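A.B. asks: what follows is a predicted protein model with its sequence.
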Amino acid sequence: MKIVIDDKIPYIRHAIERITDNAVYISGSDITASDVADADALIVRTRTYCGRELLEGSSVKFIATATIGYDHLDTDYLDAAGITWTNCPGCNSGSVAQYIHSVLLLLNRDFGLPLDGSTTIGIVGCGHVGSKVRAVAERLGMKVLVCDPLLDEPSFVPMDVIERLADVITFHVPLASEGMYATRHLADEKFFSRLCRRPFVINTSRGAVVDNDALAMALNSGRIRQAVIDTWEHEPDISLSLLNNVYIGTPHIAGYSADGKVNASNMSVKAICSFFGLECPPQEVPPSLPEGFIYTGNMLELYNPLDDSNRLKSAPSEFENQRGNYPLRREYVS
Ligand SMILES: NC(=O)C1=CN([C@@H]2O[C@H](COP(=O)(O)OP(=O)(O)OC[C@H]3O[C@@H](n4cnc5c(N)ncnc54)[C@H](O)[C@@H]3O)[C@@H](O)[C@H]2O)C=CC1
Ligand SMILES: O=C(O)C(=O)[C@H](O)COP(=O)(O)O
């Protein structure tokens with residue numbers, strides 16, 4: 001069985017060796033139709049667009065993306081072509097929640113934002129990530145407003161309530177270009193013009209959920225107080241002026257804890273084994289933090305997004321390299 005695998009998916013080679021002796025590792029954005037022509041399965045990340053151009057005429061029967069988001073899969077084409085696909089729901093949701101938790105602590109430290117009932121956070125999208133962010137904000141004692149019109153939850157509010165009342169707005173929706181609940185440019189010029197409380201805006205979902213030009217204008221005009229951006233339009237060719245203007249700008253690594261990466265690899269291997277009727281190899285576990293690491297109880301010691309932001313701001317052309325060679329980050333003190 002031939003499996004083509006993105007070479008930047010960590011914690012997976014051991015398990016793959018147990019299920020095939022024909023694994024081919026290729027950089028995600030370099031995977032071509034000829035690489036996959038005789039493959040049975042692919043394990044990809046967000047950097048491989050899986051559609052007709054890549055797959056037509058190939059022997060691929062199964063695709064696992066080791067990510068939560070799957071907007072890089074042309075699911076209509078895959079379904080029509082009889083190619084089974086899967087993502088890894090929730091795999092790195094704890095990691096994104098950790099990122100947001102640390103961001104909130106930084107907003108408190110650097111801008112004096114109170115993390116109590118006097119501050120309202122608006123959470124847009126309450127799935128695997130949004131629900132964990134909600135739990136973090138509630139634990140901190142913040143006032144929480146949630147907008148997720150696809151879920152039947154009476155306490156949820158429409159977007160205009162968040163626009164009016166929130167001091168922090170954070171997006172946790174999938175990227176959808178069409179349909180009643182399309183999210184592409186959900187935060188557009190009109191959205192920014194309706195904001196009442198000069199909120200902090202955070203985007204860790206997908207770059208195009210926030211119109212980056214409109215965001216830049218909102219920042220320049222003072223319509224919003226500051227922005228924290230992990231996912232960008234046109235990654236990795238991001239707007240350098242926007243990067244320089246945001247408080248925190250990171251290279252799409254909110255989900256990059258070792259815990260999240262291990263979950264994604266384990267889930268992808270398990271899905272392939274179950275599809276092809278193979279025995280599943282033992283699950284990987286994340287590495288421990290280096291000996292000597294001291295944790296005194298401040299989350300920022302475990303993870304400080306400003307470190308990632310400073311690295312990106314000092315070398316923006318290294319966007320993809322910084323993702324591919326990401327330092328060990330744990331969600332918990334191991
Ligand atoms: N920056 C990063 O490293 C990461 C980014 N992500 C992104 O975050 C997104 C969310 O992840 P999950 O929570 O796991 O996905 P999920 O599918 O569990 O939840 C998404 C939620 O958004 C809601 N939603 C959809 N359209 C909406 C709209 N127009 N307005 C309000 N709510 C809407 C859905 O009903 C659902 O509850 C992923 O699709 C992915 O694009 C996920 C993991 C890591
Ligand atoms: O899971 C997702 O969705 C993400 O956006 C990932 O955390 C980042 O994806 P890759 O860098 O692994 O493609």
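C.D. replies: Structure's in. What do you need? Numbering: from 1, shown residues only. Ligands and ions are numbered 1, 2, ... in the order given.
A.B. asks: how many residues are close by the closest residue to ligand 2 within the stretch 151-300 of the chain?
C.D. replies: Sorted by distance to ligand 2 under Cβ to the nearest ligand atom, the residues of the stretch 151-300 of the chain start with G255, at 2.8 Å. (C-beta placed from N, C-alpha, C; glycine too.) Neighbour count of G255, defined by other Cβ atoms under 10 Å: 27.
A.B. asks: ok but W85 is inside a helix, no?
C.D. replies: No: counting by DSSP: H, G, I helix; E, B strand; the rest coil, W85 is not part of a helix but strand.
A.B. asks: the closest residue to it other than its chain neighbours and F275: what is the separation?
C.D. replies: Of all residues beyond its chain neighbours, the one nearest W85 is I63 (4.4 Å), with distances taken as Cβ to Cβ, 6 or more residues apart in numbering. When distance is defined by Cβ to Cβ, to the nearest Å, I63 is 10 Å away from F275.
A.B. asks: again, but for A66
C.D. replies: 15 Å.
A.B. asks: in terms of packing, which of these two has more residues around it?
C.D. replies: A66 (30 against 16).
A.B. asks: what sits against that one?
C.D. replies: Counting by Cβ atoms under 8 Å, 6 or more residues apart in numbering, A66 touches 6, 9, 12, 43-45, 88, 91, 261, 264-265, 267-268.
A.B. asks: just give me the closest of those to ligand 1.
C.D. replies: Checking these one by one against ligand 1 (Cβ to the nearest ligand atom), the nearest turns out to be C91, at 7.8 Å.
A.B. asks: P89 contacts V129, doesn't it?
C.D. replies: No: P89 is beyond contact range of V129, at 10.5 Å (criterion: Cβ atoms under 8 Å).
A.B. asks: mind checking which of those two has more residues around it?
C.D. replies: Higher neighbour count among P89 and V129: V129, with 28 against 11, using other Cβ under 10 Å.
A.B. asks: state the distance from that one to ligand 1.
C.D. replies: Distance, V129 to ligand 1, by Cβ to the nearest ligand atom, to the nearest Å: 3 Å.
A.B. asks: quick one: N310 is in a helix?
C.D. replies: Yes: the assignment for N310 by three-state DSSP puts it in a helix.
A.B. asks: ok, for the residue in the chain positioned nearest to ligand 1, nearest residue in space, not its chain neighbours?
C.D. replies: With Cβ to the nearest ligand atom, the shortest gap between the chain and ligand 1 falls at G127, namely 1.8 Å. The shortest distance from G127 to any non-neighbouring residue, by Cβ to Cβ, 6+ apart, is to H172 (6.8 Å).
A.B. asks: now do the contacts for the one you found.
C.D. replies: Each residue near H172 by Cβ under 8 Å, 6+ apart is listed here: V96, I123, V124, G125, C126, G127, V129, G130, V133, T204, S205.
A.B. asks: what's the spacing between the nearest residue to I31 once chain neighbours are set aside and D7?
C.D. replies: Distances taken as Cβ to Cβ, 6+ apart put T48 closest to I31, at 5.0 Å, once the chain neighbours are dropped. Using Cβ to Cβ, T48 is found at 11 Å from D7.
A.B. asks: quick one: which of these two has more around it?
C.D. replies: T48 (23 against 17).
A.B. asks: other SSEs contacting the helix or strand containing I3?
C.D. replies: Using DSSP states H and E, I3 sits in strand 2-6. Other elements packing on strand 2-6 under the criterion 3 or more Cβ pairs under 8 Å, 6 or more residues apart in numbering; DSSP states H and E are helix 13-19, strand 22-26, strand 41-44.
A.B. asks: please identify the most buried of these.
C.D. replies: With neighbours defined as mean count of other Cβ atoms under 10 Å, the helices and strands packed on strand 2-6 peak in mean count at strand 41-44, which reaches a mean of 27.
A.B. asks: sheet partners, orientation included, of that one?
C.D. replies: Note on strand 41-44: by DSSP bridges, its sheet partners are strand 2-6 (parallel), strand 62-65 (parallel).
A.B. asks: who's in contact with the helix or strand following the shortest one?
C.D. replies: For strand 62-65, the following helix or strand on the C-terminal side (DSSP H and E) is helix 75-81. Contact partners of helix 75-81, identified using Cβ under 8 Å, 6+ apart, comprise C50, G51, R52, L55, E56, I63, T84, W85.
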